[in-house]
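Q: What follows is a predicted structure for the sequence shown.
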Amino acid sequence: MRPDAATLQPILVAAWRLGRYPWRMGRREKLLRRFLSKPWDFTWRELVTLLASFDYKVRRGSKTGGSRGRFIHPERGPICLHKPHSGHLRQYQLEQIIDLLREEGLI
């Protein structure tokens, strides 16, 4: 059952005045929700963006490049991964990162 406009109007006006819009998600929230759903096509670039929102910085492997990537946080331990050649992360990588972020209390 949907509430009528008269019921919703005071709630919407109060949310507008407070600057809070619970029905609107930002890019970070959308990306986090997508990440937690463990999609098969989650890309390395999306992971870099997501972890940057948690203050992780990406550092490439060796001086010559390579396929290893390391995410460094000033206060937490690093996250070390192999950058996939296909561009899409594997399921086990997503699950490991989710477990680590939950242990750190970030999600």
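A: Arrived safely, thanks for sending. Residues are numbered from 1 along each chain as shown.

Q: residue ranges for the helices of this protein, please.
A: Using DSSP state H, the helices of the chain run over residues 5-18, 27-36, 44-52, 91-103.

Q: If you count neighbours, what's buried in the longest strand seen in the chain?
A: Among the segments of the chain that qualify as a strand by DSSP state E, the longest is strand 65-72. Buried residues in strand 65-72, counting neighbours by 16 or more other CB atoms under 10 Å, are found at 69, 71. In short, each C-beta sits where N, CA and C put it, glycine included.

Q: Give the pairing partners of it; include direction for each.
A: Taking DSSP bridges as the criterion, strand 65-72 sits next to strand 57-62 (antiparallel), strand 79-82 (antiparallel) in its sheet.

Q: re earlier: for residue 58, find the nearest of the helices of the chain.
A: Comparing the helices of the chain against residue 58 with CB to CB, the closest turns out to be helix 44-52 (5.3 Å).

Q: This completes my enquiry, with thanks.
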